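Visitor: this one's structure only:
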């Protein structure tokens with residue numbers, strides 16, 4: 001497999017294929033830490049925090065909303 005990322009990180013969340021259902025608190029903590037880490041654009045972080053920041057022009061996203 002070809003390596004394409006130079007600055008990557010990861011974490012383990014207990015569970016199987018459905019981490020959001022099997023370990024919701026741990027999944028939320030991992031996602032919150034990732035989106036608040038400065039590694040993602042702030043507009044995306046605000047979007048997932050529910051601040052209804054508009055998405056950049058031309059960007060289309062499909063989201064599963066709980």
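Guide: That came through, no problem. All figures in this text were calculated on a predicted structure; none of them were measured in a lab.
Visitor: who touches residue 16 in this structure?
Guide: Residue 16 makes contacts with residue 22, as judged by CB atoms under 8 Å, 6 or more residues apart in numbering. Yep, even glycine has a C-beta here, placed from its N, CA and C like the rest.
Visitor: And the helix or strand residue 29 falls within, what's buried?
Guide: Counting by DSSP states H and E, the element that carries residue 29 is helix 24-35. By 16 or more other CB atoms under 10 Å, the buried positions in helix 24-35 come out as 26-27, 30, 35.
Visitor: Out of these, which comes closest to residue 19?
Guide: residue 27 (4.9 Å; CB to CB).
Visitor: residue contacts, residue 22?
Guide: 14-16.
Visitor: Switch those over to a markdown table; also include pLDDT and distance to residue 3.
Guide: Shown next, in a markdown table, are those (pLDDT from 0 to 100; distance: CB to CB, whole Å):
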| residue | pLDDT | distance to residue 3 |
| --- | --- | --- |
| 14 | 85 | 27 |
| 15 | 84 | 27 |
| 16 | 85 | 27 |
